[in-house]
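1. Pasted the sequence and its predicted model underneath.
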Amino acid sequence: MKDKLLKQAERQYNPKQRVMALLVEGVFFLGVLPIVIARLSSALDRWFHLSSFADGAVNIVVGGLLIIGGFVFALWAIYVQFTIGKGTPVPLMATQKLIIQKPYNYCRNPMTLGTIVLYLGFAILLGSLSAVGLVLLGTTFLLVYITHIEEKEMEWRFGEEYREYRRQTPFLIPRLWHRGG
């Protein structure tokens, strides 16, 4: 597995290929997945007789702020992956260098943090307990993947540089101060 991951990570893609991957990923994460969450959570809410926590304007404001904030933070991380790292969030198009500049000096997984915040905002906008549960379940699977696969791959690829970065930078929850960069 290690050799296969390292071989795939070494492959370089031109900007056009990376943009196409981002567009496909964007359609999935910003179009398909929210529809699936909305429909599945609605069915689960009915199935389990869960009432909505919808409060009109409150859900719109809180959910909207989380969606916008999460989207902007994730987009910033993706932009840095694309420009500095010469890669994408798509695991098959890994970054070509270790990124320790902002926002990656706030936490090691800013795109993940932004995505989690975005989807929690969407669940709040829906006012659905099942949607919150689905987001938390998806978050759990994503964090397990990151800790058991992605972080090992990063250590294999970048060695001591990554281990030092990992020692100095929080996994997901940013600290109020950060390393320079």
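-> Arrived safely.

2. Let's test this: name the helix or strand in the chain with the lowest mean pLDDT.
-> helix 2-10 (a mean of 76; mean pLDDT, DSSP states H and E).

3. which helices and strands sit right next to that helix?
-> Judged by 3 or more Cβ pairs under 8 Å, 6 or more residues apart in numbering; DSSP states H and E, helix 2-10 is in contact with helix 151-168. Every C-beta, even on glycine, is put in place using the N, C-alpha and C of the backbone.

4. Going by neighbour count, list what's buried in the helix it packs on.
-> By 16 or more other Cβ atoms under 10 Å, the buried positions in helix 151-168 come out as 151, 153-154, 157-158, 162, 165.

5. do stretch 29-36 as well
-> 33-34.

6. roughly how far is that stretch from the heart of the chain?
-> Offset of stretch 29-36 from its chain centre (Cα atoms, centre = their mean, to the nearest Å): 14 Å.

7. now do the same end-to-end measure for it.
-> End-to-end distance for stretch 29-36, by Cα to Cα, to the nearest Å: 10 Å.

8. Where does pLDDT dip in the chain?
-> Residue ranges of the chain with pLDDT under 70: 176-181.

9. can you name the farthest residue from the center of it?
-> His49 (30.7 Å; Cα atoms, centre = their mean).

10. mind pulling up the phi and psi values for that one?
-> phi 60, psi 50 (degrees, to the nearest 10).

11. With Pro34 as the reference, measure out to it.
-> Distance check for His49 against Pro34: by Cβ to Cβ, to the nearest Å, it reads 24 Å.

12. Please apply the same query to Leu134.
-> Separation of Leu134 from Pro34 (Cβ to Cβ): 11 Å.

13. Same check on Ile99?
-> For Ile99 relative to Pro34 (Cβ to Cβ), the value is 27 Å.

14. The residue nearest to Met111 when sequence neighbours are not counted: what's it in contact with?
-> Leaving aside its sequence neighbours, Met111 sits nearest to Ala77 (Cβ to Cβ, 6 or more residues apart in numbering; 3.7 Å). Residues in contact with Ala77 (Cβ atoms under 8 Å, 6 or more residues apart in numbering) are 89, 103-104, 110-111, 114.

15. likewise Ile99?
-> Taking Cβ under 8 Å, 6+ apart, we find Ile99 in contact with 80-81, 84-85.

16. By neighbours, which of those residues wins?
-> Within the contacts of Ile99, neighbour counts (other Cβ atoms under 10 Å) peak at Gln81, which reaches 24 neighbours.

17. helix or strand for that one, which one?
-> In the assignment (DSSP states H and E), Gln81 maps to helix 57-83.

18. Of all pairs in the buried residues of helix 151-168, which one spans the longest distance?
-> Glu153 and Tyr165 (13.9 Å; Cβ to Cβ).
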